[in-house]
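[1] Can you look at this prediction? I've put the sequence above it.
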Amino acid sequence: MSPVPTWYQTAVFYELYVRAFQDSNGDGNGDLRGAIQRLDHLADLGVTCLWLLPTFPSPLVDDGYDIADYFGVHADYGTVEDFRALVEAAHARGMRVIADLVMNHTSDQHPWFQASRRREAPYDDYYVWSDTDQKYEDARIIFLDTEPSNWTWDKVRGQYFWHRFYRQQPDLNFDNPAVQQAMFDIARFWMGLGLDGFRADAVPYLIEREGTNCENLPETHAYLKQLRAFMDAEYPEAILLCEANQWPEDVRPYFGGDPDDPTVLGDEFHMGFHFPVMPRLYMALKRGDRTPVVEIMGRTPSIPVNCQWCMFLRNHDELTLEMVTEEERHWMWREYAPEARMRLNLGIRRRLAPLLDNDRRKIELLNSLLFTLPGSPIIYYGDEIGMGDDIWLHDRNGVRTPMQWDGSANAGFSDADSLYAPVISDEVFGYQRVNVVAQKADPASLYHTLRRFIAAYKSQPALALGDLRFLDHPDPALLAFERSYEGKTVLCLHNLGEHDVRVAVPDGQDMLADAPVSAGEVSLPAYGYRWLIQ
Ligand code: NOJ
């Protein structure tokens, strides 16, 4: 018996980068009060849950994923009271809010690290220290372009410290019960402001053990189960969303429950990103061949009935190519990132629209897959209007430029003379052309297409909750599948190729055109898609 679906299983998420969204005080940085002013845009689009990127005090070496104080808000973004006000304002519009919980590491400016360097109790053992940098050699380096090692020497303490990301982000020692407890206290503080849960950052790396790759260890899962038990006891409506950039079979344990029986409720994370399907959507589109998507979904284990995948096309990071073969990665780089500046670590630092040559048909096609494949869709801010990127900016900042609200100076984002990052102003993607006001006024815009997708998605629970069954077709360009739930079936057709594809369909209703379809052959034009309900 499946339990009543819970809110997150049918949610439409929006990834909101506060710094980029709206500047309310003219200092050139987006802030929490500014985000409040723009919430109506998201409610109007149909979003039901916001995911806020980190807003903590931070030196911003990793844009806030380097936390200097877990109990505050960065001065550029506002105050803790502003944070509470944003959550309340979202709730008032029927939207939930989750925020990043960065557990694996802090900033090197965090007082815990400063005390630990000086071996001060009780922080002496809060980080992972070693006399040698020859430990845990099987652990890969993630920020490959910047960091030569996961160990950095600290001259104050006279030891090396462990870090899976930038050297300015020392890893916390999760073998220390005080660290484990500290994270519960942090979660409690933010939940007290009304949050609906957390996107838990970088969870595979919490614990290290010699002779392993230090990812997905049983000890890490044991701690995460404790975190879930704590959340369930104190905040039973809240969710934990797992960020584990891993193969589906390695993500499966993060849901908990029983791997052989999906009716056993999950007891670790409610949700998990499906990382490997994402690059395969781009691969399948470029090749005009459904195989990569069908294969990865076929290799995706079933998850407990109370859990849900999260699907995304792009996010604030590089489009990661960690979950593809080396050959595929080089192919993806050649096809999607021909210039060196478009590449970063094992990925591609570009936005959705430029990746797809700003071809409206391809942008709609991938969005259609975002809303019809299993898993809750997450829209990255700006992708609802097809924003561009700036490959001349450092690191991942090129995909984090100011939101383009209108055609006025600074795109309506800010009154300041100087912004945290330049607004995109080129001929194709510039704010003068690509902005919210213009797209709202044009019923044929991408914004309105996505709005229709969201409305249709919400009207039919099969898209959120239904089983998935791929259909065969002689043309590899046709990606066709059914989503079935409680006697309703949605037939989803996608033409990944540049030529027309004909496909036989039964009687039904076209959900997007809101028109009946009679049994027979339909013709899908290049990059065409249909959602047919029977
Ligand atoms: C994943 C986040 O998405 C990314 O932006 C960050 O750099 C790393 N975790 C480290 O916190």
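    Yep, that arrived. Residues are numbered from 1 along each chain as shown.

[2] For the rest of this, base every contact and every neighbour count on C-alpha atoms.
    Will do.

[3] Say whether the ligand is contacted by stretch 343-359.
    No: using Cα under 6 Å from any ligand atom, stretch 343-359 never reaches the ligand; the gap is at least 11.5 Å.

[4] Let's see the pLDDT reported for the residue nearest to residue 261 when sequence neighbours are not counted.
    Nearest residue to residue 261, sequence neighbours excluded (Cα to Cα, 6 or more residues apart in numbering): residue 304, at 7.5 Å. On the pLDDT scale, residue 304 is placed at 97.

[5] How many neighbouring residues does residue 304 have?
    Residue 304 has 23 neighbours, counted by other Cα atoms under 10 Å.

[6] Provide a list of residues in contact with it.
    By Cα atoms under 8 Å, 6 or more residues apart in numbering, residue 304 lies in contact with 255-258, 261-266.

[7] Which one of those residues is nearest to residue 442?
    Closest approach to residue 442 among the contacts of residue 304 (Cα to Cα): residue 255, at 42.0 Å.

[8] Over to residue 16: give its phi and psi.
    phi -110, psi 120 (degrees, to the nearest 10).

[9] Confirm for me that it is in contact with residue 55.
    No: with contact defined as Cα atoms under 8 Å, residue 16 does not count as touching residue 55 (10.9 Å).

[10] how near is residue 291 to residue 484?
    22 Å (Cα to Cα, to the nearest Å).

[11] neighbour count winner among the two?
    A direct count of neighbours by other Cα under 10 Å for residue 291 and residue 484 places residue 484 higher, at 21 against 18.

[12] Return the list of strands paired to the helix or strand harbouring that one, each annotated with direction.
    Using DSSP states H and E, the element containing residue 484 is strand 478-485. Paired with strand 478-485 in the same sheet, following DSSP bridges, are strand 467-471 (antiparallel), strand 488-495 (antiparallel).

[13] For the chain, list the residues in contact with the ligand, please.
    Counting by Cα under 6 Å from any ligand atom, the chain sits next to the ligand at 62, 65, 165, 201-202, 317.

[14] now those as a markdown table including distance to residue 521 and neighbour count?
    As requested, these are arranged in a markdown table below (distance: Cα to Cα, whole Å; neighbours: other Cα atoms under 10 Å):
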| residue | distance to residue 521 | neighbour count |
| --- | --- | --- |
| 62 | 52 | 16 |
| 65 | 51 | 26 |
| 165 | 52 | 23 |
| 201 | 47 | 18 |
| 202 | 47 | 19 |
| 317 | 41 | 18 |
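
[15] Narrow the residues you listed to those in strands?
    residue 201 (DSSP state E).

[16] now the residues of the chain next to the ligand in JSON lines, with distance to residue 360?
    Output for the residues of the chain next to the ligand, formatted as JSON lines (distance: Cα to Cα, whole Å):
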{"residue": "62", "distance to residue 360": "32"}
{"residue": "65", "distance to residue 360": "33"}
{"residue": "165", "distance to residue 360": "36"}
{"residue": "201", "distance to residue 360": "32"}
{"residue": "202", "distance to residue 360": "33"}
{"residue": "317", "distance to residue 360": "23"}
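
[17] Need the three-state assignment for the closest residue to the ligand within the stretch 401-534 of the chain.
    Of all residues in the stretch 401-534 of the chain, residue 401 sits closest to the ligand, with a separation of 14.7 Å (Cα to the nearest ligand atom). The three-state label given to residue 401 by DSSP: H, G, I helix; E, B strand; the rest coil is coil.

[18] what about it, neighbour count?
    The burial count for residue 401: 24, using other Cα under 10 Å.

[19] quick one: pLDDT of it?
    At residue 401, pLDDT is 98.

[20] Touching, it and residue 423? I think so.
    Yes: shown here, residue 401 and residue 423 form a contact pair, counting by Cα under 8 Å, at 6.0 Å.

[21] follow-up on the earlier one: which one of residue 16 and residue 55 is surrounded by more residues?
    residue 55 (28 against 22).

[22] What's opposite residue 240 in the beta bridge?
    Applying DSSP bridges, one finds that residue 240 bridges with residue 198.

[23] what ranges of the stretch 1-150 of the chain fall below the confidence cut-off?
    Filtered on pLDDT under 70, the stretch 1-150 of the chain yields the residue ranges 1-4.

[24] what ranges do the helices span in it?
    18-21, 32-37, 39-45, 80-92, 111-117 (DSSP state H, counting those that start in this stretch).

[25] Kindly report the same for the stretch 151-300 of the chain.
    177-191, 218-234, 248-251, 277-287, 291-298.

[26] Make a markdown table out of those helices and add mean pLDDT.
    Formatted as a markdown table, these follow (pLDDT from 0 to 100):
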| stretch | mean pLDDT |
| --- | --- |
| helix 177-191 | 98 |
| helix 218-234 | 98 |
| helix 248-251 | 97 |
| helix 277-287 | 98 |
| helix 291-298 | 98 |
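
[27] got a markdown table for these, with distance to residue 93 too?
    Listed next are the helices of the stretch 151-300 of the chain as a markdown table, based on distance: least, Cα to Cα, whole Å:
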| stretch | distance to residue 93 |
| --- | --- |
| helix 177-191 | 19 |
| helix 218-234 | 25 |
| helix 248-251 | 33 |
| helix 277-287 | 30 |
| helix 291-298 | 35 |
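
[28] what's the burial count for residue 394?
    Count around residue 394 with other Cα under 10 Å applied: 9.

[29] same check, this time on residue 145
    Residues near residue 145, counting by other Cα under 10 Å, number 12.

[30] Who are the contact partners of it?
    By Cα under 8 Å, 6+ apart, residue 145 lies in contact with 344-345.

[31] run the last query once more with 6 Å
    Neighbour list for residue 145: residue 345 [criterion: Cα atoms under 6 Å, 6 or more residues apart in numbering].

[32] Point out where the stretch 351-500 of the chain drops to low pLDDT.
    Nowhere does the stretch 351-500 of the chain drop to pLDDT under 70.

[33] closest point of it to the ligand, which residue?
    Relative to the ligand, the nearest point of the stretch 351-500 of the chain is residue 396 (8.3 Å; Cα to the nearest ligand atom).

[34] In contact with that residue, which residues?
    If you count contacts by Cα under 6 Å, 6+ apart, then residue 396 has residue 317 around it.

[35] again, only this time at 8 Å
    Per Cα under 8 Å, 6+ apart, neighbours of residue 396: 316-318, 349.

[36] Name the nearest residue to residue 36, ignoring sequence neighbours.
    residue 86 (5.6 Å).

[37] Against residue 97, how distant is the one you found?
    Taken as Cα to Cα, the span from residue 86 to residue 97 is 9 Å.

[38] Do a quick rundown of the strands in the stretch 251-400 of the chain.
    271-273, 308-312, 319-320, 343-344, 347-348, 376-380 (DSSP state E, counting those that start in this stretch).

[39] helices and strands around the first one, which ones?
    Using 3 or more Cα pairs under 8 Å, 6 or more residues apart in numbering; DSSP states H and E as the contact test, the elements touching strand 271-273 are strand 239-242, strand 308-312.

[40] Quick one: list the elements packing against the longest one.
    I take that to be strand 308-312. Taking 3+ Cα pairs under 8 Å, 6+ apart as the contact cut, strand 308-312 packs with strand 271-273, strand 376-380.

[41] So which of the contacts of residue 304 wins on neighbours?
    residue 255 (27 neighbours).

[42] correct me, but it touches residue 303?
    Yes: here residue 255 reaches residue 303: they are 7.0 Å apart, a contact under Cα under 8 Å.
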